[in-house]
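K.L.:
Attaching a predicted model along with its sequence, questions to come.
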Amino acid sequence: MKCPKPPGPVQPRELLKLLFATAIASAQPSRCIPAHLPRPEDLGRGRLIVIGAGKASAAMARAVEDHWTGDKSRLRGLVVTRYGYGVACQHIEIVEAAHPVPDAAGLAAAERMLSMVHGLSADDLVLCLISGGGSSLLPLPLPDLTLEHKQAVNRALLKSGATISEMNCVRRHLSAIKGGRLAAACHPARVVNLLISDVPGDNPMDIASGPTVADPTTCADALAIVRRYGIDLPPEVLDVLRSGRGESVKPGDPRIAGVQTHMIATPQMALEAAAAVAQGAGFRAYVLGDAIEGEARDVGKVLGGIALQVADRGQPVETPCVLLSGGESTVTVTGKGRGGRNVEFLLSLGIALNGHPRIHALAGDTDGVDGQEEIAGALLGPDTLMRAWAQGIRPKDSLADNDGHGFFEALGDSVVTGPTLTNVNDFRAICIEAPANR
């Protein structure tokens, strides 16, 4: 991706917003899908069946319709996306459902999708469009479980502090469609996966809990995660895990032997796109990592310490610079505030920086939703803590109450993008200016 150089000097706050917008733009399906579409001659006599789920899936479906050059009469499909993330398509049906806690619309869509791929032939090609959020949007439970069970599981997982990989391991073993089951249902049709990654490490089985890829984990692994975090689950759910009835489709299963998987957008790609723009604006750019995990407030403390060392010591890099990172932190919820992992990180970072005059930061979720709020994230400046104190807001109290959104919203520093139609996970940028005497 060719990144434009900003015209003239840019202030840190505006640069940070530009970097976030660049990261989101780099992962737009209209940009990523065309190069990976099957050729019309690859289809032979069969049909092109498009299925998928995730916050980007509707935009991905639209990109398929716009750029596939084959006979559109042989194209049909169904994808499910988050409420507000739908886009108009002519041949592929778009269904909207709830995220992060699933609802009946997602359940019905998952049932219909599974039914749609039954009975396909070896001449048919299934194009599966998967992005982050699909775990909640395809909530088809195993027999003996209900939607209410899946809702209870999701709520408990979201509060537990478990990593996204751990949460999705549990979800895969309670699902009738995840953990490779959707791909197995497509057999003997050919399956091609186009994935937009929102998970640390870009492991396909963790993106939307891997409905169309093999799963080497087991029910015993899922049960160990439940015990590790003391997650309170309904008895029926625990029984499925203890009995082994939730085992997923394993590597080597002949039904999924020919599945092809392409990673078309990742957190690393988005960070590199932002780094190019920062360099064009005259800032050195350093990607610290695309898979940083851990408690959001702990990540804030650590990156705060690094930023202070850079600003005050010129180590390990020189200023002016931008420190970029991605991944998916977690929040163990103990308070009653309005929070999300990005604003929790940013508030912790701000406390660690204590108003350093040359450090600015932005943290946001590239899907436009941090936690359960229609707010992507927030901005932090040298005056953030001072302005909060002037309003009678105590930053440490806000952090203790998991009230990051309440804190930054009161200061007018929330970042609101609306639906971005993509999702490559968290984006964090710390901009460190050079000392005035340089």
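P.N.:
Done, it's in. Residues are numbered from 1 along each chain as shown.

K.L.:
got any ranges where this protein has weak pLDDT?
P.N.:
Low-confidence segments of the chain (pLDDT under 70): 1-8, 438.

K.L.:
Outline the domain layout of it.
P.N.:
As recorded under automatic domain parsing, the domains making up the chain are 12-26+267-432, 33-249.

K.L.:
Span of the longest one from start to end?
P.N.:
Think domain 33-249. 27 Å (CA to CA, to the nearest Å).

K.L.:
got the buried residues for the longest helix anywhere in the chain?
P.N.:
In the chain, taking DSSP state H as the definition, the longest helix is helix 296-313. Neighbour counts using 16 or more other CB atoms under 10 Å place 296-297, 299-300, 303-304, 306-308, 310-311 of helix 296-313 among the buried residues. Every C-beta, even on glycine, is put in place using the N, C-alpha and C of the backbone.

K.L.:
Now tabulate the residues you listed in TSV and tack on distance to Gly77.
P.N.:
Shown next, in TSV, are these (distance: CB to CB, whole Å):
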residue	distance to Gly77
Ala296	37
Arg297	42
Val299	39
Gly300	42
Leu303	42
Gly304	46
Ile306	45
Ala307	46
Leu308	51
Val310	48
Ala311	51
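
K.L.:
Counting by contacts, list what the longest helix of the chain packs against.
P.N.:
Applying 3 or more CB pairs under 8 Å, 6 or more residues apart in numbering; DSSP states H and E, one finds that helix 296-313 contacts strand 284-292, strand 321-327, helix 341-353, strand 359-365, strand 426-432.

K.L.:
how close does the closest residue to Ala23 other than its chain neighbours get to Asp426?
P.N.:
Closest residue in space to Ala23, ignoring its immediate chain neighbours: Ala270 at 3.9 Å, by CB to CB, 6 or more residues apart in numbering. With distances taken as CB to CB, to the nearest Å, Ala270 is found 10 Å from Asp426.

K.L.:
can the domains of the chain go into CSV with extra columns for distance to Val259?
P.N.:
Below are the domains of the chain laid out as CSV (distance: least, CB to CB, whole Å):
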stretch, distance to Val259
domain 12-26+267-432, 22
domain 33-249, 5
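
K.L.:
Now the common contact residues for Ala270 and Asp426.
P.N.:
Residues touching both Ala270 and Asp426 by CB atoms under 8 Å, 6 or more residues apart in numbering: 326, 366.

K.L.:
ok, Asp221 touching Asn168?
P.N.:
No. Using CB atoms under 8 Å as the test, Asp221 is too far from Asn168 to be in contact (11.2 Å).

K.L.:
More neighbours: these two, which one.
P.N.:
Asn168 (28 against 16; other CB atoms under 10 Å).

K.L.:
Quick check: phi and psi on that one?
P.N.:
phi -70, psi -30 (degrees, to the nearest 10).

K.L.:
shift numbering so it begins at 38
P.N.:
Shifting the count to begin at 38 puts that one at Asn205.

K.L.:
Just give the nearest non-adjacent residue to Val236, would you?
P.N.:
Asp243 (4.3 Å).

K.L.:
which residues sit in contact with that neighbour?
P.N.:
201-202, 205, 236.

K.L.:
Closest to Gly319 out of those?
P.N.:
For the contacts of Asp243, the residue nearest Gly319 by CB to CB is Val236; the value is 33.0 Å.

K.L.:
now the closest one: how far from Lys287?
P.N.:
20 Å.

K.L.:
just Leu55 next, same as before
P.N.:
45 Å.

K.L.:
between the two, who's got more neighbours?
P.N.:
Taking other CB under 10 Å, Leu55 and Lys287 do not tie; Leu55 has more neighbours (21 against 14).

K.L.:
Tell me which helix or strand that one sits in.
P.N.:
For Leu55, the element it lies in under DSSP states H and E is helix 49-63.

K.L.:
Pull out the buried residues from that helix.
P.N.:
49-50, 52-57, 59-63.

K.L.:
Tell me which other helices or strands it touches.
P.N.:
Taking 3+ CB pairs under 8 Å, 6+ apart as the contact cut, helix 49-63 packs with helix 304-317, strand 358-364, strand 396-402, strand 414-417, strand 463-469.

K.L.:
quick one on the thing from earlier: correct me if wrong: the residue nearest to Ala60 contacts Gly364.
P.N.:
No. Using CB under 8 Å, Ala307 makes no contact with Gly364, being 11.7 Å away.

K.L.:
higher neighbour count, those two?
P.N.:
Applying other CB under 10 Å to Ala307 and Gly364 shows that Ala307 carries more neighbours, namely 28 against 23.

K.L.:
Let me see the contact set for that one.
P.N.:
59-61, 63-64, 363, 403, 461, 464.

K.L.:
Looking at those, point me to the pair that's furthest apart.
P.N.:
Taking CB to CB, no two of the contacts of Ala307 sit farther apart than Thr59 and Gly363, at 13.2 Å.

K.L.:
which residues does the closest residue to Ala221 other than its chain neighbours contact?
P.N.:
Leaving out its chain neighbours, the residue that sits closest to Ala221 by CB to CB, 6+ apart is Arg292, at 4.2 Å. Residues counted as contacts of Arg292 (CB under 8 Å, 6+ apart) are 220-221, 224, 286.

K.L.:
What is the helix or strand harbouring Gly443 packed up against?
P.N.:
According to DSSP H and E, Gly443 maps onto helix 441-447. Here helix 441-447 touches helix 378-390, strand 414-417, helix 432-437, going by 3+ CB pairs under 8 Å, 6+ apart.

K.L.:
Alright, calling it a day.
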